[in-house]
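Chemist: Sharing a model prediction with you, sequence too.
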Amino acid sequence: LVSRELQAHDSIVSIGGVKVGGGKFTVIAGPCSVEGQDQLFGVAGMIKEQGVPLLRGGAFKPRTSPYSFQGLGLEGLKLLKAAREQYQLPVVSEIIDPSDADLMYDYIDCYQIGARNMQNFRLLEAVGKQDKAVLLKRGMSATLEELLLAAEYIINAGNPNVILCERGIRTFETATRNTLDLNAVAYLKEKSHLPVFVDPSHGTGVKSLINPLSRAAVAVGADGIIVEAHLNPKEALSDGHQALTADDFSRLMADIKPFVAAA
Ligand code: PEP
Ligand code: MN
């Protein structure tokens, strides 16, 4: 179902009315985690001013350590919905439990499946039964075949609105948090009709590398990027080291503009 052999033209997926894919480059931005109203609304207002059409933010956070901030849960979803209304920004947020799919439905516009859950097949089926978009992130040790088969689970369950996302894989390299696999983007665009996004924030884990890798994402044919931003990264409860401030963010938008125009 994901194959270009079956469907030659690019799939276009709507996230709350914002269409992604099909030759248009789209930026999704927002904090790693929703931390509170001031934090979320501050970032939402900032990205809106920068012309970004979609807001991200985690309410359920699957953290490596059980002692790290686990997200605000339902309270976070309520804040996302409020930010969506206030700033007219459709929302992307991660789901970690199949039983949350119905609960989340009214609060978000796109379910994110995180890298750690790419092969959580019950979770894939749960979002496959919904009619909203799904941003499916590649597992940190998953092959592209496995990623495509994970997408197949979602579509086979009834939901064709899948966006693939390369977010970096585990390699021997330790200078960066992950190794952003741009081969994956070119390969996936060739083999599949689904939109392909790049996450240069988790892909590098290094703030200064987000701009060059975002330009590379445009050049290699990605349909968009998903980027983490925070107005006060030092106080962020997760991933502050890789969060772009308002100034960083306006530089990013200016940096990618000529590449988007040329693509
Ligand atoms: C995230 O987007 O905040 C996240 C946890 O991403 P990943 O699942 O790619 O690690
Ligand atoms: Mn994060």
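Modeler: Yep, it's here. Ligands and ions are numbered 1, 2, ... in the order given.
Chemist: C-alpha from now on. contacts and neighbour counts both.
Modeler: Noted.
Chemist: tally of neighbours for Ile15?
Modeler: Ile15: 23 surrounding residues under other CA atoms under 10 Å.
Chemist: again with Leu55
Modeler: Residues near Leu55, counting by other CA under 10 Å: 30.
Chemist: roughly how far out does the longest helix along the chain sit from the chain middle?
Modeler: What stands out as the longest helix in the chain, according to DSSP state H, is helix 246-262. Put simply, helix 246-262 sits 18 Å off its chain's centre (CA atoms, centre = their mean, to the nearest Å).
Chemist: Equivalent analysis for stretch 76-87, please.
Modeler: Relative to its chain's centre, stretch 76-87 lies at 17 Å (CA atoms, centre = their mean).
Chemist: Tell me the buried residues in it?
Modeler: By neighbour count with 16 or more other CA atoms under 10 Å, stretch 76-87 contains the buried residues Gly76, Leu77, Lys78, Leu79, Leu80, Lys81, Ala82, Ala83, Arg84, Tyr87.
Chemist: name the element Lys81 belongs to?
Modeler: If you go by DSSP states H and E, Lys81 is part of helix 74-87.
Chemist: go on, Ala151?
Modeler: Here Ala151 sits within helix 144-156, counting by DSSP H and E.
Chemist: Ok, Gly45 next?
Modeler: Using DSSP H and E, the element containing Gly45 is helix 37-49.
Chemist: Mind giving me the packing neighbours of the helix or strand just after that helix?
Modeler: Sequence order places strand 54-56 as the next helix or strand after helix 37-49, per DSSP H and E. Under the contact criterion of 3 or more CA pairs under 8 Å, 6 or more residues apart in numbering; DSSP states H and E, strand 54-56 touches strand 26-30, strand 91-94.
Chemist: ok, strand 54-56: who's next to it in the sheet?
Modeler: Partners of strand 54-56 in the sheet, by DSSP bridges, are strand 26-30 (parallel), strand 91-94 (parallel).
Chemist: returning to what we had before: quick check: which of the helices and strands packed on strand 54-56 is nearest to ligand 1?
Modeler: strand 91-94 (7.4 Å; CA to the nearest ligand atom).
Chemist: hmm, who's touching the closest one?
Modeler: With CA atoms under 8 Å, 6 or more residues apart in numbering as the test, strand 91-94 has contacts from 15-16, 54-61, 80-81, 84, 108-114, 135.
Chemist: Buried by neighbour count: which residues of the helix holding Ala151 qualify?
Modeler: Counting neighbours by 16+ other CA under 10 Å, one finds that the buried residues in helix 144-156 are Leu144, Leu147, Leu148, Leu149, Ala150, Ala151, Glu152, Tyr153, Ile154, Ile155, Asn156.
Chemist: Relative to Ile95, how far out is the residue of the stretch 101-250 of the chain found nearest ligand 1?
Modeler: Going by CA to the nearest ligand atom, ligand 1 is nearest to Gly114 of the stretch 101-250 of the chain, at 3.3 Å. In this view, Gly114 and Ile95 are 8 Å apart by CA to CA, to the nearest Å.
Chemist: same question, Ala217
Modeler: Distance of Ala217 to Ile95, computed by CA to CA: 25 Å.
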